[in-house]
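Undergrad: got a structure for you, letters missing:
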């Protein structure tokens with residue numbers, strides 16, 4: 001009897017989990033921040049990967065993180081490599097597209113602690129209050145990976161980290177002046 005109840009509970013949990021995970025196969029998080037700076041200053045803070053440590057939420061969370069910029073900074077193909085959390089986090093991001101003072105598109109290649117290839121697109125628009133920087137984060141994953149994203153509440157953590165990055169970006173751009 002106990003075995004039957006345990007099996008039914010497990011099947012119910014897995015069924016519910018995979019149902020919820022189906023909604024996490026395609027995650028998109030769009031966030032914006034307005035900075036008081038010129039469009040060029042805001043754009044260059046994102047475009048040049050040498051600046052990323054100034055506003056990286058990952059470096060803020062792990063000050064021992066090691067990083068290196070490879071390539072001709074600020075153009076398509078430039079890469080920002082990282083290793084953190086005592087070797088447990090590993091990957092790089094690469095600039096995929098640049099439209100001067102309008103758009104920077106990046107793709108991440110995460111190797112550890114899991115494998116993923118999210119994208120980060122940044123757009124820049126003048127507003128009455130300054131320059132609005134919009135970050136559009138996208139992550140596609142399979143159902144099993146999405147199950148673990150659901151199980152560990154990863155989307156909420158991603159949203160928190162992305163907001164932290166934008167807050168640090170605002171601070172870095174405005175303190176540069």
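TA: Good, I have the coordinates. The model shown is predicted, which means the values in this text are computed figures rather than measured ones. Numbers count the residues shown, from 1 in each chain.
Undergrad: From here on, just use CA atoms for contacts and neighbour counts.
TA: OK.
Undergrad: From residue 100, how far out is residue 74?
TA: Remark: distance between residue 74 and residue 100 (Cα to Cα, to the nearest Å) = 10 Å.
Undergrad: just residue 142 next, same as before
TA: For residue 142, the distance to residue 100 - Cα to Cα - is 34 Å.
Undergrad: Also residue 46?
TA: Taking Cα to Cα, one finds residue 46 at 11 Å from residue 100.
Undergrad: cool, and residue 154?
TA: 33 Å.
Undergrad: about what we covered before: of residue 74 and residue 100, which one has the most company?
TA: residue 74 (18 against 13; other Cα atoms under 10 Å).
Undergrad: And what about the more buried one, helix, strand or coil?
TA: Using DSSP: H, G, I helix; E, B strand; the rest coil, the structure places residue 74 in coil.
Undergrad: Number of residues surrounding the residue nearest to it when sequence neighbours are not counted?
TA: Excluding the flanking residues, the one nearest residue 74 by Cα to Cα, 6 or more residues apart in numbering is residue 48, at 4.5 Å. Other residues within reach of residue 48, judged by other Cα under 10 Å, total 18.
Undergrad: swap in the one 10 residues further on?
TA: Close neighbours of residue 58, defined as other Cα under 10 Å, add up to 18.
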